[in-house]
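**Q** turn this into a structure:
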Amino acid sequence: MADDGHNLKVRDSGGDGRPVVLIHGWPLSGESWSEQVPALKDAGFRVIAYDRRGFGDSDPGDSYGYDVLADDLSNVIDELDLNDVSLVGFSMGGGEVARYAAKHGTSKLHSVVFAAAVPPYLLKSDDNPDGPLTEEAAQEMESGLKDDRDAFFDDFTTQFFSAGDELKVSEDQRQDAVRMCRQSDQEAAVGCMEAFGTTDFRDDLTKVDVPTLVIHGDSDGIVPFEGSGKLTHEAIDGSELVVVEGGPHGLNVSHASEFNDALVAFLKK
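**A** Numbering: from 1, shown residues only. This next block holds a predicted model:
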């Protein structure tokens, strides 16, 4: 679809079911939902997954802050004339869900899902002592990405799918994630890394007033549950929480069956 002078790759299953929009994590693409799309279609939903600007098959943009990323999501919803939508944001994608609700409102939404998601606020600071990401770790990540992309992505995907020291997916699945990482535009990868690491979503979460599911692995080493999913659940009144035992960050792949069962059960409400 055309969007502000660049194109976003959108995959739309079509059909008459209630729409579910899937927003992928960093630095992957809409293909990373391959374990979810068939399950959601089988459950009767219309499934839409798009590649964030600068990732997968989408063109890069001129900026990568969450205001413009939320606008991209809004444009997808408007272009496809979607209503009564469920948004499912994985990791970085949870930021788009929160910022969309705050900036564009919830009138078109049925429900939202924060899956291993970065809100409320990753960066540890004086006014955010529970933030799981230190300034030092953020700088180390950025340096690693800039110095040697291939080595960084190899290490990152290993952590992404590991609980402790144990890789929870097959090597083929990990290599598929590496392939998606390598598709990313470097400027987009760096810009989005800064965005998800430094954006404060605490106020955005107060605008989420539709049914909400928070699903997170208890062994997430990338976005630790205690500093993210747990706090998001506490911040949104009435939200549901599913904690997947032994789940790493990439639990939608490593624990696909458990993830899908919880997701479909919630979305059907």
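**Q** going forward, measure contacts and count neighbours with C-alpha atoms only.
**A** OK.
**Q** pull the residues that contact stretch 119-134.
**A** Contact with stretch 119-134 is made by 94-95, 98, 135, 196-202, 205, 223-224, 227-229, 231-232, as judged by Cα atoms under 8 Å, 6 or more residues apart in numbering.
**Q** give me the mean pLDDT for that stretch.
**A** Here stretch 119-134 scores 96 as its mean pLDDT.
**Q** what residues of it count as buried?
**A** Counting neighbours by 16 or more other Cα atoms under 10 Å, one finds that the buried residues in stretch 119-134 are Pro119, Pro120, Tyr121, Leu122, Leu123, Lys124, Asp130, Gly131, Pro132, Leu133.
**Q** how about the helices in the stretch 1-150 of the chain?
**A** With helices called from DSSP state H, counting those that start in this stretch, the stretch 1-150 of the chain shows them at 37-42, 66-79, 93-104, 135-147, 149-160.
**Q** Glu142: which of the buried residues of stretch 119-134 is nearest?
**A** Compare each of those with Glu142 using Cα to Cα and the shortest gap goes to Leu133, at 12.6 Å.
**Q** save the buried residues of stretch 119-134 as a markdown table, and put in distance to Arg149 too.
**A** Formatted as a markdown table, the buried residues of stretch 119-134 follow (distance: Cα to Cα, whole Å):
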| residue | distance to Arg149 |
| --- | --- |
| Pro119 | 26 |
| Pro120 | 28 |
| Tyr121 | 25 |
| Leu122 | 23 |
| Leu123 | 23 |
| Lys124 | 25 |
| Asp130 | 29 |
| Gly131 | 26 |
| Pro132 | 23 |
| Leu133 | 20 |
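**Q** residue ranges with poor pLDDT in this structure?
**A** 1-6 (pLDDT under 70).
**Q** strands of that one, start to end?
**A** 2-3, 6-7, 10-12, 19-23, 46-50, 85-90, 109-115, 162-163, 166-167, 212-217, 240-244 (DSSP state E).
**Q** possible to save these as TSV with mean neighbour count?
**A** As requested, the strands of the chain are exported to TSV (neighbours: other Cα atoms under 10 Å):
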stretch	mean neighbour count
strand 2-3	14
strand 6-7	16
strand 10-12	15
strand 19-23	26
strand 46-50	23
strand 85-90	25
strand 109-115	25
strand 162-163	23
strand 166-167	14
strand 212-217	27
strand 240-244	18
